[in-house]
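>>> any chance you could fold what I've pasted below:
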Amino acid sequence: MANLPQALPPRRATRVHLANPTPAVLRFQDGSRLAGNLQIISVAGDYFCSWPFVPGKVALGFNFDGSTGYVNVPDSSSLHSIAKTVAVEMWATPKTLPAGSAVYLYSRRNPLTSESFSIYILADGTLGILLRTSSSTTQTGSKFESVPGIVKFGKLQHLAATAHTNTSIVRAYVNGNAVSLVNVFGPSSFSGTFSPVTHLYIGRREDVNVEGIPGAGYFLGLIDEASLYAVALTQTQIQSIVNAGINGKCR
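The predicted structure is shown next:
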């Protein structure tokens, strides 16, 4: 297992140590509970997803149906502590999308008001990152995307994204391998702090009533072991999580 401090008890004995380990601010384990620095939240009223859970990379994962399933994470001081550095990583099996559509793995934003940090997939297999900081001049911020075909539909893979406002560097990884990104919208550089917002979703961009089905960006497929960090994980750290495989992370 990849060893991270402040962990839930390990489920197996084997360990793979992260270089310069760091605690996750938020982690979804076994598709059934929240852990880390946030309080464990009951199922009722706090997250909604397709039933039943399905086998993931580590035990069970969220099975999102592409139209109603998502996780709604309540706002907290832990989330607002993420100001200059961030990392999000997870295992995912996205299903094939209609041409021209986009789905969101992770979305930190206020609908119609401001972006902050989000990760999305396009129908052609492009992996994208959308972020806005205090240096951004528009509500939308900046988009960075990979070439098409980086994300494989119907296959379980590890996806990760990081950003650091002090260095103006945003990075993406697939199965621990760095993915080249191109600035496709907004300023190519950024600084300051991430825009302060109050909404965080796993598996969608926003409620369908805001901008309709296309704007909602509901994810179709499996998401497992999703974790959020208040630091920009290094490639070595992300690779160690990937190498841990079915043994999972214990923190």
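
>>> from here on, contacts and neighbour counts on C-alpha atoms
Fine.

>>> now the helices for the stretch 101-250 of the chain?
Using DSSP state H, counting those that start in this stretch, the helices found in the stretch 101-250 of the chain span residues 208-216, 235-244.

>>> select, out of these, the one closest to residue 131.
helix 208-216 (16.6 Å; Cα to Cα).

>>> which positions within that closest one qualify as buried?
By 16 or more other Cα atoms under 10 Å, the buried positions in helix 208-216 come out as 208, 215-216.

>>> burial count for residue 100?
9 (other Cα atoms under 10 Å).

>>> now do it against residue 110, distance only.
Residue 100 sits 23 Å away from residue 110, going by Cα to Cα, to the nearest Å.

>>> equivalent analysis for residue 77, please.
From residue 77 to residue 110 the distance is 16 Å (Cα to Cα).

>>> these two: who's more crowded?
residue 110 (18 against 9).

>>> hang on, the more buried one packs against residue 197?
Yes - because the distance of 5.6 Å satisfies Cα atoms under 8 Å, residue 110 is recorded as touching residue 197.

>>> okay, and the common contacts of these two?
Residues touching both residue 110 and residue 197 (Cα atoms under 8 Å, 6 or more residues apart in numbering): there are none.

>>> find the residue ranges of the stretch 1-150 of the chain scoring beneath the pLDDT cut-off.
For the stretch 1-150 of the chain, applying pLDDT under 70 flags the ranges 1-52.

>>> now do the strands in it.
Listed in chain order, the strands of the stretch 1-150 of the chain (DSSP state E, counting those that start in this stretch) span 2-3, 16-17, 26-29, 33-36, 47-48, 54-55, 60-65, 70-73, 85-94, 102-110, 114-122, 127-131, 142-145.

>>> may I see the ones you listed organised as TSV, with distance to residue 222 added?
Below are the strands of the stretch 1-150 of the chain laid out as TSV (distance: least, Cα to Cα, whole Å):
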stretch	distance to residue 222
strand 2-3	21
strand 16-17	24
strand 26-29	13
strand 33-36	16
strand 47-48	14
strand 54-55	8
strand 60-65	5
strand 70-73	11
strand 85-94	5
strand 102-110	10
strand 114-122	13
strand 127-131	16
strand 142-145	22
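
>>> between the buried residues of helix 208-216, which is closest to residue 62?
residue 216 (18.0 Å).
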